[in-house]
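Trainee: For reference, the sequence and a predicted model appear below.
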Amino acid sequence: MPAKGPEIDDPVLAAAIQRITDNKPEFQRLDLQFMMMGDELLAVVCNTMAKNTSVKQIFLSNNGIGPAGAKAIGGLLAKNKTILELSLGVNKIGDAGLAEFGKPLASNTTLKSIAFGRNSFTDEAKASLVQIVEGRKGDDKLALSFQA
């Protein structure tokens, strides 16, 4: 019997997942700020988003995202090449979670900006990610923001 994923009780989150699945071109902005969904529900969103080709902006601030959620987002960025903007402020990503973005950001050349404001990262972890991003192939730069 296959493993059952987490139940989605929140109607706003359930509707968002349905819209992601529908993949209609007019649905370009996914705003799930202040949902406090945590890592497990975020993984469901990321798995659903992996095949989406319409969403360009994702806002996930204030969701209690930790390193496991960052890993799910990293996996999404490795697969989805239509996302242009990602906002992850006020979460609990930490250095371990920030490291999960390295490989996906090195190869994803469509993402234009990612905001990590008000997460706790050491200067060393931030510098490591900046170095990876600066070595990206392609003409387009990726704007990283760590500002509060």
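Mentor: Looks like it arrived, so ask away.

Trainee: Quick one: the helices in the protein, in order.
Mentor: 11-22, 38-49, 67-79, 94-99, 102-107, 123-134 (DSSP state H).

Trainee: Using JSON lines, please lay out these together with distance to Leu32 and mean pLDDT.
Mentor: Using the backbone N, CA and C atoms, a C-beta is placed for each residue, glycine as well. Output for the helices of the chain, formatted as JSON lines (distance: least, C-beta to C-beta, whole Å; pLDDT from 0 to 100):
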{"stretch": "helix 11-22", "distance to Leu32": "6", "mean pLDDT": "95"}
{"stretch": "helix 38-49", "distance to Leu32": "7", "mean pLDDT": "96"}
{"stretch": "helix 67-79", "distance to Leu32": "12", "mean pLDDT": "97"}
{"stretch": "helix 94-99", "distance to Leu32": "17", "mean pLDDT": "97"}
{"stretch": "helix 102-107", "distance to Leu32": "19", "mean pLDDT": "92"}
{"stretch": "helix 123-134", "distance to Leu32": "23", "mean pLDDT": "95"}
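
Trainee: What score does Arg136 have for pLDDT?
Mentor: Predicted confidence (pLDDT) for Arg136: 85.

Trainee: Now do the contacts for it.
Mentor: Neighbour list for Arg136: 105-107, 109, 142 [criterion: C-beta atoms under 8 Å, 6 or more residues apart in numbering].

Trainee: Using a markdown table, lay out the helices of the chain together with distance to Ser87 and mean neighbour count.
Mentor: Below are the helices of the chain laid out as a markdown table (distance: least, C-beta to C-beta, whole Å; neighbours: other C-beta atoms under 10 Å):
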| stretch | distance to Ser87 | mean neighbour count |
| --- | --- | --- |
| helix 11-22 | 15 | 14 |
| helix 38-49 | 14 | 20 |
| helix 67-79 | 11 | 20 |
| helix 94-99 | 15 | 19 |
| helix 102-107 | 15 | 16 |
| helix 123-134 | 16 | 14 |
